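Chemist: sequence? don't have it. structure:
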């Protein structure tokens, strides 16, 4: 969605019928606190990474009901005329606090807290959750991949395997997590993410021979380009690539087969041909496990698609947006075992003197526990009276935060295998 | 994304560098055929349902490069000035054929075929795949849920668990599959899908008592509304609901616990209270298996969220867009075992005289097999010279097509358990 257009209808019908009911009985103005948190991490995951915060804040500024939105609601009789009048004048004027985007989170971490009247805050539920559930799922999966790649570059190329707009947000999340670049051009426009790309198999198939395709590509994109060598026969493809481009060829890409074995063979062949600086890029259904399994192989960069944009088995972060306080009084659903704790909360993370995280302490905002020298308060002010607090972080700041978070985890926390959260959440 | 804005940057960088290379060596004008198909169905699925076709056709009409798009490509040096000139004049003028949206598909089914010059057709790859991979994944999962619900209504309420724009397309896909309504208001605006919704737990928690919340809701929304009864204690909640609304209450909703057991108890309680016509809606992490397991229970409608918008374990359809013919000559990648068959193809589905599907016959377009009385040619013309062929189907026509498709499956094909495709694909 383009900047400037309204986000107000990206909302569940019931947010507005609740509003209508609350306006009708006078409860709409009660001061409320809504908290966004995950009851648990996706199956076996050891940490999550908060994603989407900046997009949420931006989307809230566009959450206003113009003529077109109001007409739809009126025509469909979603709400009564009084509620339409209220919506016509709406723009969020409450406060938002939250974990900075790129921060780690654990079960129960209050990653985004919205304070305002019931009316002001309830209408944002769907939009807030859509964004943080999607972006956190992708950012969390991406962080595992970056960690598995152990310093080698990863290129995000999953646009074709997800919704066309989710692709743009996925590219952003991957970049915040530490990916090098994306294939998605709209991510360059909307989020200033670097893009990259060269050729697909179709380009080779278009030509009368592989050599003709490589010649055209090198002529157009230069010898620093990446030639895709697995259209017909990889060994032949590599020979042809070096014949055409010379030993200064930037890289070859292998997109099929056992890429570990093939990378080793390709490295030997390239070295023998004198192309010792030609890099090897591998792609083709890679996920964090495949990336980790390639650590010992002569791979210079990874291209990752499907697994990134689908959250590598966890396509949504499963966060909820719960009313936890009304008029300063804690409230909570009580009918089931679902984790629900009333009262406005904050959190701090305790660390060893070495900087290693020890535990996530979630506590009532009104009763902060003693804070040690190495503890860190996690939520920061994001909106006050509906207005942004401070300047938006740069892309580099987000990336640094994710890096620092991963470094702070106890070593078991970086294991890819299924397990418990890397640190426990303590409810104080 | 609003109608009217360009879709051109929802594209992988390499589509444009391929274009640049092809323009530079004169191959850009070669007549090409690209085919969209799934090599396999998601793990264990017995059929897929084509989704997104109408959205693809609409997005193609907006695939044009305006000043803003060209400036981004120039500033980032994605392509050379000659390519920018070409893109400035681009709008798709080729032909598209495909399976009608809502049609069943199987491995290898050529669900969307794009014919044009290489340049015309290659640039559409990412956009086409993003849309059909997302929408087909959701539509396929939704069809299984509709089939499991066996005539009972299902409401789509998953917006909060997927990207905010994917939510809108998911709501559409669910409705095409036979869902009754969605919670997503933007789906009403963009796609004229019916919406519904009443209240969440927050509304009850906002009030001083459950009774006060129910009174406010009934006053605002009428006695035909659905009261959410599981905030505190379900038995008490149902008593209160009937006390407040009377025995003409439209429905109650249960969103937690073992909804089968709870529905049975609720039905008895409602009947005892004289509310024999008050319906029971259940929700809370339902998927097709949970829906099927509730068939024997007194449930009147289902609310489905997370599992729908995440494709119930298969969040992408995994379709590819492959160049299969250049200048009328078949082409195909040959280096791996991946299923790739050169040549422009068509398909027909053979049926028994009873209408039950027998097999999917995928054949070279130039060599159609004999067509029996009960066989049906699957692809239809969608664009000619870039222009739509015929009027767009109505929502009801899509829904009827999905229904007919499911009825035509052999009975094993409707089993929810993992298995082989319901009918074999025969490559003739």
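Modeler: Sure, I can see it. All of these numbers come straight from a predicted model, not from anything done at the bench.
Chemist: hang on, residue A:175 in a helix?
Modeler: Yes. The assignment for residue A:175 is a helix, going by DSSP: H, G, I helix; E, B strand; the rest coil.
Chemist: just for chain A, where's the confidence low?
Modeler: A:1-4, A:336-339 (pLDDT under 70).
Chemist: rerun that using 90 as the cut-off
Modeler: Applying pLDDT under 90 to chain A flags the ranges A:1-4, A:257, A:334-340, A:428.
Chemist: contact partners for the closest residue to residue A:300 other than its chain neighbours?
Modeler: Once flanking residues are discounted, residue A:300 sits nearest to residue A:279: 3.8 Å by C-beta to C-beta, 6 or more residues apart in numbering or on different chains. (Each C-beta comes from the backbone N, C-alpha and C, glycine too.) Contacts for residue A:279 were tallied using C-beta atoms under 8 Å, 6 or more residues apart in numbering or on different chains; they are A:226, A:250, A:251, A:252, A:300, A:301.
Chemist: surely the fifth one and residue A:281 touch.
Modeler: Just to be clear, that refers to residue A:300. Yes. Applying C-beta atoms under 8 Å, one finds residue A:300 in contact with residue A:281, separated by 6.5 Å.
Chemist: more neighbours: which of those two?
Modeler: A direct count of neighbours by other C-beta atoms under 10 Å in any protein chain shown for residue A:300 and residue A:281 places residue A:281 higher, at 23 against 15.
Chemist: tell me the contacts of that one?
Modeler: Counting by C-beta under 8 Å, 6+ apart, the residues that residue A:281 touches are A:155, A:226, A:251, A:252, A:253, A:254, A:299, A:300, A:301, A:302, A:303.
Chemist: cool, residue A:421 as well?
Modeler: Counting by C-beta under 8 Å, 6+ apart, residue A:421 has contacts A:41, A:45, A:46, A:47, A:106, A:107.
Chemist: wasn't it part of a helix?
Modeler: No. Residue A:421 is assigned coil when assessed by three-state DSSP, not a helix.
Chemist: which non-adjacent residue is nearest it?
Modeler: Sequence neighbours aside, residue A:106 is the residue nearest to residue A:421 in space, at 5.0 Å (criterion: C-beta to C-beta, 6+ apart).
Chemist: tally up the residues packed near the one you found, please.
Modeler: 25.
Chemist: next, it: phi, psi?
Modeler: phi -140, psi 170 (degrees, to the nearest 10).
Chemist: wait, it sits on residue A:48?
Modeler: Yes. Applying C-beta under 8 Å as the test, residue A:106 and residue A:48 come out as touching, 7.1 Å apart.
Chemist: overlap in contacts, those two.
Modeler: residue A:41.
Chemist: pull out the buried positions in the helix ranked longest in chain A.
Modeler: Longest helix in chain A, counting residues (DSSP state H): helix A:125-149. Of all the residues in helix A:125-149, those buried under the rule 16 or more other C-beta atoms under 10 Å in any protein chain shown are A:125-149.
Chemist: tell me which strands and helices the helix or strand just after it is in contact with?
Modeler: Following helix A:125-149 in sequence order, the next helix or strand is strand A:154-156 (DSSP states H and E). When contacts are defined as 3 or more C-beta pairs under 8 Å, 6 or more residues apart in numbering or on different chains; DSSP states H and E, strand A:154-156 sits against helix A:125-149, helix A:166-177, strand A:181-182, strand A:301-304.
Chemist: quick one: strands adjacent to strand A:154-156?
Modeler: strand A:181-182 (parallel), strand A:301-304 (parallel) (DSSP bridges).
Chemist: mind telling me which residue of the stretch 151-300 of chain A is nearest chain B?
Modeler: residue A:197 (3.1 Å; C-beta to the nearest C-beta).
Chemist: where's residue A:114, which helix or strand?
Modeler: For residue A:114, the host element (DSSP H and E) is strand A:112-117.
Chemist: that strand to helix A:125-149, inter-axis angle?
Modeler: Between the axes of strand A:112-117 and helix A:125-149, defined by axes from the mean of the first three to the mean of the last three C-alpha atoms, to 10 degrees, the angle is 170 degrees.
Chemist: ok, strand A:112-117 near chain B or not?
Modeler: No. Strand A:112-117 does not reach chain B (C-beta under 8 Å from any C-beta of the partner chain); its nearest approach is 10.3 Å.
Chemist: sheet partners, orientation included, of that strand?
Modeler: Using DSSP bridges, strand A:112-117 pairs in its sheet with strand A:31-38 (antiparallel), strand A:95-98 (antiparallel).
Chemist: what's the following helix or strand after it?
Modeler: Following strand A:112-117 toward the C-terminus (DSSP H and E): helix A:118-122.
Chemist: who touches residue A:401 in this structure?
Modeler: A:100, A:101, A:102, A:103, A:393.
Chemist: save the residues you listed as CSV, and put in secondary structure too.
Modeler: Below are the contacts of residue A:401 laid out as CSV (three-state DSSP):
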residue, secondary structure
A:100, coil
A:101, coil
A:102, coil
A:103, coil
A:393, coil
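Chemist: highest neighbour count among those?
Modeler: Neighbour max across the contacts of residue A:401 (other C-beta under 10 Å) = residue A:101, 28 neighbours.
Chemist: so who does that residue touch?
Modeler: Taking C-beta under 8 Å, 6+ apart, we find residue A:101 in contact with A:50, A:51, A:52, A:53, A:54, A:176, A:393, A:398, A:401.
Chemist: which ones are touching the nearest residue to it once chain neighbours are set aside?
Modeler: Nearest non-adjacent residue to residue A:101, counting by C-beta to C-beta, 6+ apart: residue A:53, 3.7 Å away. Neighbour list for residue A:53: A:98, A:99, A:100, A:101, A:112, A:132, A:382 [criterion: C-beta under 8 Å, 6+ apart].
Chemist: what's the separation between the second one and residue A:399?
Modeler: The one in question is residue A:99. 16 Å (C-beta to C-beta, to the nearest Å).
Chemist: between those two, which one's more packed in?
Modeler: Set residue A:99 next to residue A:399 and count neighbours by other C-beta under 10 Å: residue A:99 wins out with 25 against 18.
Chemist: please verify my assumption that that one contacts residue A:112.
Modeler: Yes. Look at residue A:99 against residue A:112 with C-beta under 8 Å: they come within range, at 7.4 Å.
Chemist: now distance to residue A:370 too, for the helices and strands packed on strand A:154-156, in CSV please.
Modeler: What follows is these, written out as CSV (distance: least, C-beta to C-beta, whole Å):
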stretch, distance to residue A:370
helix A:125-149, 30
helix A:166-177, 33
strand A:181-182, 44
strand A:301-304, 43
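Chemist: just to revisit the earlier point, what number of residues lie near the residue of the stretch 151-300 of chain A closest to chain B?
Modeler: Burial of residue A:197, expressed as a neighbour count using other C-beta under 10 Å, amounts to 24.
Chemist: so it is in contact with residue B:12, correct?
Modeler: Yes. Using C-beta under 8 Å, residue A:197 is in contact with residue B:12, at 5.6 Å.
Chemist: doesn't residue A:213 lie inside a helix?
Modeler: Yes. Membership of residue A:213 in a helix is supported by three-state DSSP.
Chemist: wait, what's in contact with residue A:278?
Modeler: When contacts are counted by C-beta under 8 Å, 6+ apart, residue A:278 touches A:242, A:247, A:248, A:249, A:250, A:251, A:252, A:270.
Chemist: quickly find the element holding the residue nearest to residue A:350 when sequence neighbours are not counted.
Modeler: Excluding the flanking residues, the one nearest residue A:350 by C-beta to C-beta, 6+ apart is residue A:358, at 4.4 Å. Following DSSP H and E, one finds residue A:358 within strand A:357-364.
Chemist: that strand pairs with which strands, parallel or anti?
Modeler: Strand pairing (DSSP bridges) places strand A:357-364 next to strand A:345-351 (antiparallel), strand A:425-427 (parallel).
Chemist: contacts for the following helix or strand past it?
Modeler: Per DSSP H and E, the first helix or strand lying C-terminal to strand A:357-364 is strand A:376-377. Applying C-beta under 8 Å, 6+ apart, the external contacts of strand A:376-377 come out as A:346, A:347, A:348, A:349, A:351, A:371.
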